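A.B. asks: Below are the sequence and a predicted model; questions follow.
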Amino acid sequence: MKADPHQRAPGSVLSLRDLHAYVGQSHILQGVSFTTRPAQVTVILGRNGVGKTSTLKSVLGLMNHTGVIEFDGRRLSGLETHEIVRLGLAYVPEDRDVFHGLTVAENLRLAERRGLTPDYDRVFALFPELRDRRGQRAGTMSGGQQQMLSLARALLHDNRLMLIDEPTKGLAPRLVSEFVATLEQITAHTSVLLVEQNLAVARRLADHVLVLSEGRVVRDGPAEDVLADDSSIRRLLGVAADHEES
Ligand SMILES: Nc1ncnc2c1ncn2[C@@H]1O[C@H](COP(=O)(O)OP(=O)(O)OP(=O)(O)O)[C@@H](O)[C@H]1O
């Protein structure tokens, strides 16, 4: 659900300043800077290979980088990924981090964090199908069901910010629509940084939009402003006007 622009809380959840990341000789991120606000959905758009996943991975300490990353005012540099996650940052990767040989229940149990009480009621209220499929091996489920499980794992505990990488990729249009409805419920109470290539999904969910191109932020602003320039956005994303998915 889009936050009411007049009710937005001040301050920042995540702040990146002059982020550079390299893989071997390749300069992947070339000075990425942006801020996400509480109770907002920030969507990162961009063509394949522009550095969207690398941005999320840098935040999680999974990629070598320089520059400043602050989460709730705290610098993340030097922290291990498990320490970053415990600060209240959840990650739903593009490749759906489910263990194929394990059941749904086992996958969920492995996502429980020591010392915290998992909220199974919330997870099963959002994904009743997962309750019915508790005993099913994840590898035998469809892509959409595995995506639900991946998201459910991240929702077992409260988070300040969820980083979600292309959740609708490869899903049939009907599933995309169901998934977006679920994401709307989630985004009503958690800040989200969402990588998405589907413009229709971005239009439904985003409060704030960033567009990356060749490792740089080339658009940054309220969704209604950035997405209003339809032809420019389509050019940056390399999509034709009659190819918008729903
Ligand atoms: N481990 C790696 N080894 C080699 N190249 C990498 C590695 N990780 C990222 N890259 C390269 O860095 C660039 C940015 O990759 P990244 O995955 O961040 O892009 P993306 O915008 O998320 O793309 P997509 O939409 O296709 O997922 C790409 O050219 C990619 O090939």
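C.D. replies: Sure, I can see it.

A.B. asks: Around the ligand, which positions in this protein sit nearby?
C.D. replies: Those residues of the chain that sit near the ligand, judged by CB under 6 Å from any ligand atom, are Val23, Ile28, Gly46, Asn48, Gly49, Val50, Gly51, Lys52, Thr53, Ser54. In short, each C-beta sits where N, CA and C put it, glycine included.

A.B. asks: which pair in those spans the largest distance?
C.D. replies: Between any two of the residues of the chain next to the ligand, the greatest separation by CB to CB is 17.0 Å, found for Val23 and Gly46.

A.B. asks: When these two are compared, which one has more neighbours?
C.D. replies: When neighbours are counted by other CB atoms under 10 Å, Val23 and Gly46 differ, and Gly46 comes out ahead with 25 against 11.

A.B. asks: Worst mean pLDDT across the helices and strands of the protein, which element?
C.D. replies: When the helices and strands of the chain are scored by mean pLDDT, DSSP states H and E, helix 173-187 comes last with a mean of 86.

A.B. asks: From the contact counts, what lies against that one?
C.D. replies: Identification of packing neighbours for helix 173-187 by 3 or more CB pairs under 8 Å, 6 or more residues apart in numbering; DSSP states H and E yields helix 120-126, helix 143-154, strand 191-195, helix 199-205.

A.B. asks: in the protein, which residue is closest to the centre?
C.D. replies: Most central in the chain under CA atoms, centre = their mean is Ile164, positioned 1.8 Å from the mean C-alpha point.

A.B. asks: Phi and psi next, for that one.
C.D. replies: For Ile164, the backbone dihedrals are phi -120, psi 120 (criterion: degrees, to the nearest 10).

A.B. asks: Next one: the closest residue to it other than its chain neighbours from Met162, what distance?
C.D. replies: Nearest in space to Ile164, with sequence neighbours left out and distances taken as CB to CB, 6 or more residues apart in numbering, is Val92 at 4.4 Å. Distance of Val92 to Met162, computed by CB to CB, to the nearest Å: 7 Å.

A.B. asks: quick one: common contacting residues for the two?
C.D. replies: Between them, Val92 and Met162 have Ala154 as joint contacts when contacts are counted by CB atoms under 8 Å, 6 or more residues apart in numbering.

A.B. asks: This structure: helices as residue ranges?
C.D. replies: Remark: helices of the chain, listed N- to C-terminal, are 52-59, 81-86, 104-110, 120-126, 128-132, 143-154, 173-187, 199-205, 223-226, 230-237; assignment by DSSP state H.

A.B. asks: Format the ones you listed as JSON lines; extra columns: mean neighbour count and distance to Leu212.
C.D. replies: Compiled in JSON lines, the helices of the chain are given as follows (neighbours: other CB atoms under 10 Å; distance: least, CB to CB, whole Å):
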{"stretch": "helix 52-59", "mean neighbour count": "23", "distance to Leu212": "6"}
{"stretch": "helix 81-86", "mean neighbour count": "15", "distance to Leu212": "21"}
{"stretch": "helix 104-110", "mean neighbour count": "18", "distance to Leu212": "31"}
{"stretch": "helix 120-126", "mean neighbour count": "15", "distance to Leu212": "29"}
{"stretch": "helix 128-132", "mean neighbour count": "14", "distance to Leu212": "33"}
{"stretch": "helix 143-154", "mean neighbour count": "22", "distance to Leu212": "23"}
{"stretch": "helix 173-187", "mean neighbour count": "17", "distance to Leu212": "21"}
{"stretch": "helix 199-205", "mean neighbour count": "20", "distance to Leu212": "13"}
{"stretch": "helix 223-226", "mean neighbour count": "17", "distance to Leu212": "12"}
{"stretch": "helix 230-237", "mean neighbour count": "14", "distance to Leu212": "9"}
